[in-house]
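1. Fold the following, please.
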Amino acid sequence: MPPKLVRVTPAKLATWTDCRRRYRMNYLDRPTPPKAGGWAHNTLGAVVHNALRAFFDLPVERRTPEQAAAMVTRAWKGDGFRDVDQQAVYRDRAREWVAHYVEDTDVSEDPVGLERWVSAPVGRIIAEGRVDRIDVRDGELVIVDYKTGRHALSTDDARGSQALALYAIAARRTLRKQCHRVELHHLPTRTVAAWEHTDDSLARHVARAEESADELTVAGDTLAAGGDPDILFPPQPGRQCSWCDFRRSCPEGSAVAEDLEPWSMLAP
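-> Numbering: from 1, shown residues only. Coordinates of the predicted model:
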């Protein structure tokens with residue numbers, strides 16, 4: 001019998017690469033160890049994503065910057081923020097981001113996907129995940145990923161993103177159109193980092209995903225057979241442990257990284 005295909009999402013693969021202990025805690029341990037509370041920067045990103053999804057659901061004639069800003073207000077949540085004053089500052093900032101984004105973007109066409117789940121078997125894996133937005137331009141699909149982090153992004157970020165590459169592969173199978181272009185839309189700087197993949201460059205991303213899928217499958221199967229979790233899923237302590245959801249359950253991570261306030265990752 002051929003080997004069973006392994007379902008992978010970009011988040012799952014990224015977690016495996018970043019820290020295998022965090023991967024085990026998040027995807028294998030049951031019950032799942034307790035997670036830290038909400039982070040303000042994650043809340044901010046989620047609000048912007050939800051606002052833009054609601055915006056593109058509007059009829060074309062109502063897609064104005066004012067409506068985009070209003071969607072932020074409707075979608076707002078305060079998880080992780082210090083207080084209502086801090087919330088107000090970043091809510092206004094997010095309203096400005098999405099209003100400017102709508103000014104800079106052709107919003108007259110309906111996307112073919114908003115927060116669309118795509119999935120496709122390729123090689124030894126099933127690549128799947130939820131894409132922020134999928135456009136059709138000149139007869140081909142374009143993957144659009146919104147970003148709200150501190151730093152502007154580059155062409156290299158778009159080219160090297162395994163997530164965008166896997167989305168492109170899964171989207172063309174799901175929607176039955178070619179897909180080579182991927183874009184990172186960084187709202188705070190009003191910039192777009194884009195890359196035109198070739199079939200070969202997409203295949204290289206798949207090959208790397210297959211390697212990780214093979215590794216995490218073997219480790220999971222060995223754990224289920226009684227293997228030592230600390231050997232199979234060692235921690236990777238570092239600065240990133242400060243914002244790991246499972247920091248309190250990881251002595252090595254707690255020892256090397258300082259506690260951060262839930263709003264510490266917000267851009268100043």
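
2. C-alpha only now, for contacts and for neighbours.
-> Noted.

3. Near Asn26, how many other residues are there?
-> Counted by other C-alpha atoms under 10 Å, the residues lying close to Asn26 total 19.

4. Kindly state the pLDDT recorded for the spatially closest residue to it that is not a sequence neighbour?
-> Of all residues not flanking Asn26 in the chain, Thr32 sits nearest, at 6.4 Å (C-alpha to C-alpha, 6 or more residues apart in numbering). For Thr32, the model assigns a pLDDT of 95.

5. Phi, psi for Thr32 please.
-> Main-chain torsions, Thr32, degrees, to the nearest 10: phi -70, psi 130.

6. Go ahead and confirm it touches Arg24.
-> No: judged on C-alpha atoms under 8 Å, Thr32 makes no contact with Arg24 at a distance of 9.2 Å.

7. Of these two, which one has the most company?
-> Shown here are Thr32 and Arg24; by other C-alpha under 10 Å, Arg24 has more neighbours (24 against 12).

8. low-scoring stretches of this protein, by residue?
-> Where the chain drops to pLDDT under 70, the residues are 1-2.

9. switch to 80 and redo it
-> Residues of the chain meeting the criterion pLDDT under 80: 1-3.

10. In it, spot the strand with the most residues.
-> strand 125-137 (DSSP state E).

11. Show me what it pairs with in its sheet, parallel or antiparallel.
-> Using DSSP bridges, strand 125-137 pairs in its sheet with strand 6-8 (parallel), strand 113-122 (antiparallel), strand 140-147 (antiparallel).

12. Buried ones in it, by neighbour count?
-> Within strand 125-137, the residues that count as buried by 16 or more other C-alpha atoms under 10 Å are 125-136.

13. That one: how far from the chain's middle?
-> Distance of strand 125-137 from the chain centroid (C-alpha atoms, centre = their mean, to the nearest Å) equals 11 Å.
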